[in-house]
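Undergrad: Here is my input; please provide its structure:
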Amino acid sequence: MDIYILKPIDLTKGNHKLFLEVNNRGGKLFGGFNKSTGGNDPTTAAQAGDGFLMNRGYTIAWNGWDPSAAQGSNNLTISVPIAKNSDGSSITGPSYEYIVYDNATSVSHALAYPAATLAKTQATLTVRDHLQDAPTVIPADGWEYVTERSIRLLPAGTPFRQSAIYEFSYTAQDPLVAGIGLAATRDFVSFLRYATADDFGNPNPLANDITFTFSFAVSQPARYLNDFQTLGFNADEKGKRVLDGIENWLGVVAALA
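TA: Residues are numbered from 1 along each chain as shown. Here you go, the predicted model:
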């Protein structure tokens, strides 16, 4: 799991509060707090802005939790295992994709999970213009797998119709144990708040400093924090509270694109 921590050089001069931003697809979106355009390296003058949070003594932290987040450019990622059957074989099962592109240029679609088979007889792609319309099945000669992780319309180069609703049902395999991301955030914040060292003896850089913890999230991670609270991850393995306050900004249903 990637982590990123900005803390006062002299913790005694800080406010002893942790500001956890739950990243959005690996990216930091807290720039508005600091009157900056944001960015993934808030140690630079441009991305730090006026340093509103820093000047008030906050320690600011981020951790990877989303296994689908892109790597590079200071994005925060996490590696999680692939779930397998007890005999080690691949888990397969039905998967569904709701596909809408608000542009007329997208010519392929990445699948959330790899296809278990590339046989088009085991998959169905439909399209409709409005939710109240009946879906129309696109025949097998109208689409194809590019790889086990993506599909496209035929002939190759044909864009998905702008704002049309495509639905793709297929047999997928190798699901990720994505829920580990919830436990990772819990354990990361709990460590910073309560521990003096990790299991290998490495010291906690914030040991005995943090008295309150607050989180902030925009869009997708705001829904993640709703699950974090609802599913009981706001108590650590010893039953101690993890986050004292949660600020979810624009935690609504995301646009599908």
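
Undergrad: Who are the contact partners of the nearest residue to Leu192 once chain neighbours are set aside?
TA: Counting by C-beta to C-beta, 6 or more residues apart in numbering, Leu206 is the residue found nearest to Leu192 once chain neighbours are left out, at 4.9 Å. To be clear about C-beta, it is placed using only N, CA and C from the backbone, and glycine gets the same treatment. By C-beta atoms under 8 Å, 6 or more residues apart in numbering, the contact list for Leu206 reads Ile5, Lys7, Leu11, Leu18, Thr59, Leu192, Arg193.

Undergrad: Make CSV out of those residues and add neighbour count, secondary structure and distance to Asn75.
TA: Shown next, in CSV, are the contacts of Leu206 (neighbours: other C-beta atoms under 10 Å; DSSP: H, G, I helix; E, B strand; the rest coil; distance: C-beta to C-beta, whole Å):
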residue, neighbour count, secondary structure, distance to Asn75
Ile5, 14, strand, 16
Lys7, 19, coil, 21
Leu11, 16, helix, 28
Leu18, 25, strand, 21
Thr59, 24, strand, 21
Leu192, 24, helix, 21
Arg193, 22, helix, 25
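
Undergrad: out of the residues you listed, which one sits closest to Ser68?
TA: Proximity of those to Ser68 (C-beta to C-beta) peaks at Ile5, which lies at 23.3 Å.

Undergrad: What pLDDT does the model give the closest one?
TA: With respect to pLDDT, Ile5 scores 96.

Undergrad: Check Thr44 too.
TA: What the model reports as pLDDT for Thr44 is 87.

Undergrad: Now do the buried residues in stretch 43-63.
TA: Along stretch 43-63, these residues count as buried under the neighbour rule (16 or more other C-beta atoms under 10 Å): Gln47, Ala48, Gly49, Leu53, Met54, Tyr58, Thr59, Ile60, Ala61, Trp62, Asn63.

Undergrad: Please produce a markdown table containing the contacts of Leu206, extended by distance to Arg149.
TA: Below are these laid out as a markdown table (distance: C-beta to C-beta, whole Å):
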| residue | distance to Arg149 |
| --- | --- |
| Ile5 | 33 |
| Lys7 | 39 |
| Leu11 | 45 |
| Leu18 | 37 |
| Thr59 | 38 |
| Leu192 | 35 |
| Arg193 | 38 |
